[in-house]
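Peer 1: Structure for this input, please:
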Amino acid sequence: MGKKRVRERNFFPGYVLIQADINHGEAAHIITSIPGVIGFLGSSESGAASKKPVPLRQSEVNRILGKVDQVDEREEKLETPFIVGELVKVMDGPFNGFTGSVEEVFEERKKLNVMVKIFGRNTPVELNYMQVEKVQ
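Peer 2: Next up is the predicted model:
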């Protein structure tokens, strides 16, 4: 207990982003011949046998890479733990927009138990530090 673990986060589970020159056709064939690969997303032709991949625009690549960097920066900034009794607002997940008070803080797991009022009843919810924000 009390050990820090580094976890890898999947932004596009089930998808593989590849940078390759597919003009020669050999790269596309090698990729589609890998077991478990069904095809390319956003193919330009409708036939199953003639699926030719459409490259991502540079703006889309920048957005994806920027999102990964942004999450890494947010995780590094979150060093100050929350205090029991403090009011927090849920920013992510099914309880998005709800406000509650911190009941327990699990620093080693970077999680909180927050008491949120749902349908007039106080309900304990376990959330990550990333899912909440302090209420000023």
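Peer 1: Now for residue 123: which residues touch it?
Peer 2: Residue 123 sits next to 115-117 when contact means Cβ atoms under 8 Å, 6 or more residues apart in numbering. To be clear about C-beta, it is placed using only N, CA and C from the backbone, and glycine gets the same treatment.
Peer 1: May I ask which of those residues has the most neighbours?
Peer 2: Counting neighbours by other Cβ atoms under 10 Å, residue 116 comes out on top of these with 17 neighbours.
Peer 1: didn't that residue look like it was pressed against residue 127?
Peer 2: No. With contact defined as Cβ atoms under 8 Å, residue 116 does not reach residue 127; the gap is 9.0 Å.
Peer 1: re the thing from before, okay if I get the contacts of residue 123 as CSV plus secondary structure?
Peer 2: Converted to CSV, the contacts of residue 123 look like this (DSSP: H, G, I helix; E, B strand; the rest coil):
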residue, secondary structure
115, strand
116, strand
117, strand
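Peer 1: did I read that right, residue 88 in a helix?
Peer 2: No. Counting by three-state DSSP, residue 88 is not found in a helix; it is strand.
Peer 1: beta partners for it?
Peer 2: In this entry, residue 88 is beta-bridged to residue 100, residue 134, by DSSP bridges.
Peer 1: Show the contacting residues for residue 135.
Peer 2: Counted by Cβ under 8 Å, 6+ apart, residue 135 has contacts 87-89, 99.
Peer 1: Of these, grab the buried ones for ChimeraX.
Peer 2: Buried members of the contacts of residue 135, defined by 16 or more other Cβ atoms under 10 Å, are picked up in ChimeraX with:
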select :88,89
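Peer 1: For residue 23, state which of the contacts of residue 135 is nearest.
Peer 2: Taking Cβ to Cβ as the measure, residue 23 lies nearest residue 89 of the contacts of residue 135, at 49.9 Å.
Peer 1: How about the secondary structure of the residue lying farthest from the centre of the chain?
Peer 2: No residue in the chain has its C-alpha farther from the mean C-alpha position than residue 24, which lies at 34.2 Å (Cα atoms, centre = their mean). The local conformation at residue 24, judged by three-state DSSP, is coil.
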